[in-house]
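Student: Predicted structure and sequence below. I'll ask about it afterward.
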Amino acid sequence: MAQNEMLAMILAGGRGSRLKDLTTKVAKPAVFYGGKYRIIDFPLSNCANSGIDVVGVLTQYESVLLNSYVAQDGRWGLDSKDSGVYVLTPREKADEGLDVYRGTADAISQNIDFIDAYNPEYLLVLSGDHIYKMDYSKMLAYHKENGADATIAVRPVPMKEASRFGIMNTDGNGRIVEFEEKPEKPKSNLASMGIYIFSWKLMRKMLVEDMNNPDSDHDFGKDFIPRMLNEHRNLFAYEFKGYWKDVGTIDSLWEANMDLLDAKNALNLNDSSWRIYTEDVSTLPQYIGKDAKISNAYITQGVRVEGTVKNSVLFTGASVGKGAKVIDSVLMPGVVVEEGAVVTRALVAENVNIGAKTKVGSKDSEEITLVAKNVKGGTK
């Protein structure tokens, strides 16, 4: 990929309200995943591995931690003279009284000057809250081969779930002929992944026209894709068949962590050819006590286990005391499960303390229990 041939913009400003207490103080892309990572690590690592040198990260809600985290661009190898990760925040809108992006397209519109400074031929727009590994250079090659104005990454989903997604209907050659947002009766199972490549010259013109349109939602899915189809632009679907997870709920975040327990999981965080870069945290080695019982667990550095851990994921610095049991659960960084406590089908937030001889979660619950506050211990 030529220098600045394609610039990436990561939309990382969502509230993540369905993740409940996990996102009251941090933005959704900064939420922890997989033992030691944050969700934003995945699109950023994909950019670095795909040869994209300049990445803009667009933040707004609860962005202090995310901004400082992203600003360490050397973490992803994007700290040379000609590369970098840049934090971009909404411009003040005095007439509206809000410093927010009105929609996905407005987030790009407000940063046209930033993009113009690099004069890219193509613009890559990404969601900052999905977990997956993708080589964007292959998607760009597909875009160029088809002479596309826009290429949208899609992933086949079960037909019974297709009504939950934006669905792209295509002809036999991958050309998009119709877009349906969460259709009751979907015609295909090609779900939009929220990953777009646009030919910048055309998209810039459309963004400028859209900025002052009072009838627009300023959104790629609601406004731009339908308009491009109506104007008979060349839109193509790029089919992705690898692992992809939208971790928008507590249950889906728990499921994504549980996926790592399969030794042959499709994400494969140990793949040296496609590293997922993250913060390098200094911590003590693991400690596994002589009476500990561990089966089918994903355990990272700094973890201390003296009790039982079964079918669970333990993040950096988590601790399980003597006689304690952690079953079908996710313990985020710094969680302490004290002696004799039992944690079942739960996701325990960062630095939460589960007191001695207490029980949280249930093997019979339909939903995963989120534990976001300390639980007082029982009598020993």
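Tutor: It's in. Residues are numbered from 1 along each chain as shown.
Student: What is the neighbour count of Asp135?
Tutor: Taking other C-beta atoms under 10 Å as the neighbour definition, Asp135 ends up with a count of 15. (C-beta placed from N, C-alpha, C; glycine too.)
Student: could you measure it against Asp223, distance?
Tutor: Using C-beta to C-beta, to the nearest Å, one obtains 29 Å as the distance from Asp135 to Asp223.
Student: what's Ile276 in contact with, if anything?
Tutor: Contacts of Ile276 were listed using C-beta atoms under 8 Å, 6 or more residues apart in numbering, and they are 37, 41-42, 45, 133, 269.
Student: cutoff 10 Å now
Tutor: Listed by C-beta atoms under 10 Å, 6 or more residues apart in numbering, the contact partners of Ile276 are 33-34, 36-37, 41-42, 44-46, 48-49, 76, 131, 133, 267-270.
Student: Now list the buried members of the residues you listed.
Tutor: 33-34, 36-37, 41-42, 44-46, 48-49, 76, 131, 133, 267-269 (16 or more other C-beta atoms under 10 Å).
Student: Out of the contacts of Ile276, which sit inside strands?
Tutor: 33, 37, 131 (DSSP state E).
Student: my guess is the first one meets Phe315, correct?
Tutor: Yes: the pair Tyr33 and Phe315 passes the contact test of C-beta atoms under 10 Å, sitting 9.0 Å apart.
Student: any common contacting residues for the two?
Tutor: The contact sets of Tyr33 and Phe315 overlap at 257, 330, 332 (C-beta under 10 Å, 6+ apart).
Student: Just among those residues, which is most surrounded?
Tutor: Most surrounded of those: other C-beta under 10 Å gives Val330, at 32 neighbours.
Student: Report the beta-bridge partner residues of that residue.
Tutor: Under the criterion DSSP bridges, Val330 forms beta bridges with Val313, Leu347.
Student: Per-residue pLDDT of it, please?
Tutor: Val330 carries a pLDDT value of 98.
Student: List the buried residues in the helix or strand bottoming out on mean pLDDT in the chain.
Tutor: Across the helices and strands of the chain, mean confidence by mean pLDDT, DSSP states H and E is lowest for helix 64-70: a mean of 83. Along helix 64-70, these residues count as buried under the neighbour rule (16+ other C-beta under 10 Å): 66-67, 69-70.
Student: nearest spatial neighbour of Tyr374, skipping sequence neighbours?
Tutor: Not quite, residue 374 is Asn, not Tyr. With C-beta to C-beta, 6 or more residues apart in numbering as the criterion, Asn374 has its nearest non-adjacent residue at 4.6 Å, and that residue is Asn353.
Student: circling back: tell me what the least confident helix or strand of the chain is packed against?
Tutor: Under the contact criterion of 3 or more C-beta pairs under 10 Å, 6 or more residues apart in numbering; DSSP states H and E, helix 64-70 touches strand 37-38, helix 41-49, strand 54-58, strand 84-88.
Student: Now for Lys357, how many residues are close by?
Tutor: Here the number of neighbours of Lys357 (other C-beta under 10 Å) works out to 16.
Student: meant to ask about Asn230, not that
Tutor: Using other C-beta under 10 Å, the number of residues around Asn230 comes to 8.
Student: Make 836 the first number, not 1, from now on.
Tutor: From this message on, residue numbering opens at 836, which makes the last subject Asn1065.
Student: Can you name the next helix or strand after the lengthiest strand in the chain?
Tutor: With secondary structure taken from DSSP E, the chain has its longest strand at strand 1025-1034. Proceeding N to C from strand 1025-1034, the next assigned helix or strand is helix 1035-1046, under DSSP states H and E.
Student: in the helix or strand immediately after that following helix in the chain, what's buried?
Tutor: Toward the C-terminal end, the helix or strand that comes next after helix 1035-1046 (DSSP H and E) is helix 1060-1065. Neighbour counts over helix 1060-1065 (16+ other C-beta under 10 Å) mark 1060, 1063 as buried.
Student: Outside of helix 1060-1065 itself, list whatever touches it.
Tutor: Contacts to helix 1060-1065, defined as C-beta under 10 Å, 6+ apart, come from residues 984-985, 987, 1001, 1003, 1011-1014, 1016, 1027, 1031, 1033, 1037-1038, 1041, 1044-1045, 1051, 1054-1055, 1068-1070.
Student: go on, stretch 1207-1215?
Tutor: For stretch 1207-1215, contacts defined as C-beta under 10 Å, 6+ apart pick out 855-857, 859, 1085, 1167, 1171-1176, 1178, 1182-1195.
Student: what about burial for those residues, which qualify?
Tutor: Neighbour counting with 16+ other C-beta under 10 Å marks 857, 1085, 1167, 1171-1176, 1178, 1182-1185, 1187-1193, 1195 as buried within the contacts of stretch 1207-1215.
Student: how distant is the longest strand of the chain from the center of its chain?
Tutor: Centroid displacement of strand 1025-1034 relative to its chain, using C-alpha atoms, centre = their mean, to the nearest Å, is 15 Å.
Student: With stretch 1191-1200 instead?
Tutor: With C-alpha atoms, centre = their mean as the basis, stretch 1191-1200 stands 29 Å off its chain's centre.
Student: Contacts for it, please.
Tutor: Residues external to stretch 1191-1200 that are found in contact with it (C-beta under 10 Å, 6+ apart): 1156-1164, 1172-1183, 1187, 1189, 1203-1206, 1210-1215.
Student: any idea how far Arg1110 is from Lys968?
Tutor: With distances defined as C-beta to C-beta, the gap from Arg1110 to Lys968 amounts to 10 Å.
Student: Residues that sit against both of these two, list them.
Tutor: When contacts are counted by C-beta under 10 Å, 6+ apart, the set common to Arg1110 and Lys968 consists of 880, 884, 1104.
Student: The helices and strands packed on helix 899-905: which one's closest to Thr1118?
Tutor: Closest to Thr1118 of these, according to C-beta to C-beta: strand 872-873, at 14.6 Å.
Student: Return the set of buried residues in stretch 1138-1152.
Tutor: For stretch 1138-1152, burial by neighbour count (16+ other C-beta under 10 Å) applies to 1138-1144, 1147-1152.
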